[in-house]
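S.K.: What follows is a predicted protein model with its sequence.
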Amino acid sequence: MTVTVPSKINVHLAVGPARDDGYHELTTVFQALSLTDTVTVSAAEESSLQVRGEGEKAVPRDERNLAWRAIDVLAEHLDTTPAELGPVQIALEKNIPVAGGMAGGSADAAGALLGLATLWKLDLSRDELTRLAAKLGSDVPFSLLGGTALGTGRGEELLPVLTRHTFHWVLAFAQRGLSTPRVYKELDRLREAGEPPPAAGDHDVVIEALASGDPHRLAELIGNDLQIAAVSLRPNLRRTLRAGVEAGALAGLVSGSGPTCAFLCEDAESAVQVSARLSGAGVCRTVRVASGPVHGARVVESDGGPPGGEPPWDPTPPQAHA
Ligand SMILES: C[C@](O)(CO)[C@H](O)COP(=O)(O)OP(=O)(O)OC[C@H]1O[C@@H](n2ccc(N)nc2=O)[C@H](O)[C@@H]1O
Ligand SMILES: Nc1ncnc2c1ncn2[C@@H]1O[C@H](COP(=O)(O)OP(=O)(O)OP(=O)(O)O)[C@@H](O)[C@H]1O
């Protein structure tokens, strides 16, 4: 059973104060991008986890791996044990940078959940699968859903946003990853020390700009409250952000908790030009071109049965109005 899962950027990320449970209240607009991980799950004699590709050495191969933890979450939901469900082999093919602020681990968790639910022919509704996804992490429900969506709560409450237009992005991967909790803590520290002005404005206008399909309009509105914290921890991100715009992008921002920088480009051709110039600028480890929105976790190959193609749930959930 093979599942592809998108990465994400937050074109808008407004962070509220820390809650009693340690999470921050968010208002965010997610967009799923064409940079994807592939998760393959199969019944096996013995359980195992294989990881190949981008940042493979930094990915844990044990129960700390989010894809692996999907088994425990499914077992708990079914009131059984992983041993009862049977040994499985999970293989991750990674393209999404590790600890890069693009929901790489979350993508693998969503892929494993969908793959295992399909492999084991579990009768789970979309809502059930989404609830299980939220147990694995705040970004995991969006990795399942994909597209463009408004996220609230700790980021796990989603309202799909209907967008007919494709946007073109250039992604600058950093040498080393950043820890998400560390970036949130740094924002709290900066706020305590003098309240940096919010970077993210009003989410409604961002959704309108996405609906318009006009990248120039969107470029004026993208913003991420976590950017100042990521830049505080990695000051050289300032140079990367500047270099993307100098290379011809309309605007750039830190993706989620960083350190990946995402640059919005006028069109596909411009994205290729910007990526070539940015590669030559020597301000990051790797440059990739991606577009969005794309669909969420999707079974692309299944053993025996017809390829899944679509997720096993109602494809027209409620939508936010642009
Ligand atoms: C930065 C974002 O990628 C934006 O979408 C997400 O907020 C991060 O989501 P994630 O990596 O799935 O995060 P989780 O695994 O749920 O949480 C990891 C840690 O990040 C911090 N965290 C996460 C989400 C949130 N709304 N507030 C937080 O403060 C908490 O310290 C938490 O312990
Ligand atoms: N399948 C996985 N792929 C990558 N990292 C994983 C995975 N499972 C667990 N991890 C651990 O999670 C940490 C964060 O990795 P991840 O790639 O999910 O970060 P991220 O993309 O910045 O997350 P987000 O954007 O959701 O905040 C890694 O440093 C790694 O130790």
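M.R.: The structure has been received and is ready for your questions. Ligands and ions are numbered 1, 2, ... in the order given.
S.K.: Please tell me how far residue 225 sits from ligand 2.
M.R.: Counting by Cβ to the nearest ligand atom, to the nearest Å, the gap from residue 225 to ligand 2 is 14 Å. In short, each C-beta sits where N, CA and C put it, glycine included.
S.K.: With adjacent residues omitted, what lies nearest to that residue?
M.R.: residue 15 (4.2 Å; Cβ to Cβ, 6 or more residues apart in numbering).
S.K.: The most far-flung residue of the chain relative to its centre: what's it in contact with?
M.R.: In terms of distance from the mean C-alpha position of the chain, residue 45 ranks first, at 32.2 Å (Cα atoms, centre = their mean). By Cβ atoms under 8 Å, 6 or more residues apart in numbering, residue 45 lies in contact with residue 87.
S.K.: that older thread, list the contacts for the residue nearest to residue 225?
M.R.: 24-26, 184, 187, 200, 225-226.
S.K.: Is stretch 192-212 in proximity to ligand 1?
M.R.: No. Using Cβ under 6 Å from any ligand atom, we find that stretch 192-212 stays clear of ligand 1, coming within 11.4 Å at best.
S.K.: Could you export that stretch as PDB, keeping only the C-alpha atoms?
M.R.: Output of stretch 192-212 as PDB, limited to C-alpha atoms (Å, rounded to 0.1, in the frame of the first residue of the first chain):
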ATOM      1  CA  GLU A 192       7.900  39.000  27.000                       C
ATOM      2  CA  ALA A 193      10.900  41.100  26.300                       C
ATOM      3  CA  GLY A 194       9.000  43.700  24.300                       C
ATOM      4  CA  GLU A 195       6.200  42.400  22.100                       C
ATOM      5  CA  PRO A 196       7.400  42.200  18.500                       C
ATOM      6  CA  PRO A 197       4.700  43.500  16.200                       C
ATOM      7  CA  PRO A 198       2.600  40.600  14.700                       C
ATOM      8  CA  ALA A 199       3.800  39.700  11.200                       C
ATOM      9  CA  ALA A 200       0.600  38.100  10.100                       C
ATOM     10  CA  GLY A 201      -2.300  40.400   9.400                       C
ATOM     11  CA  ASP A 202      -5.900  39.400   8.700                       C
ATOM     12  CA  HIS A 203      -6.500  35.900   7.500                       C
ATOM     13  CA  ASP A 204      -9.700  36.900   5.500                       C
ATOM     14  CA  VAL A 205      -7.700  39.000   3.000                       C
ATOM     15  CA  VAL A 206      -5.200  36.200   2.600                       C
ATOM     16  CA  ILE A 207      -8.000  33.800   1.700                       C
ATOM     17  CA  GLU A 208      -9.500  36.400  -0.700                       C
ATOM     18  CA  ALA A 209      -6.000  36.800  -2.400                       C
ATOM     19  CA  LEU A 210      -5.700  33.000  -2.700                       C
ATOM     20  CA  ALA A 211      -9.200  32.900  -4.300                       C
ATOM     21  CA  SER A 212      -8.200  35.700  -6.700                       C
END
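S.K.: contacts for that stretch?
M.R.: Contacts of stretch 192-212 (Cβ under 8 Å, 6+ apart): 11-15, 27-29, 31, 148, 150, 161-165, 167, 190, 217-218, 220-225, 227-228, 320, 322.
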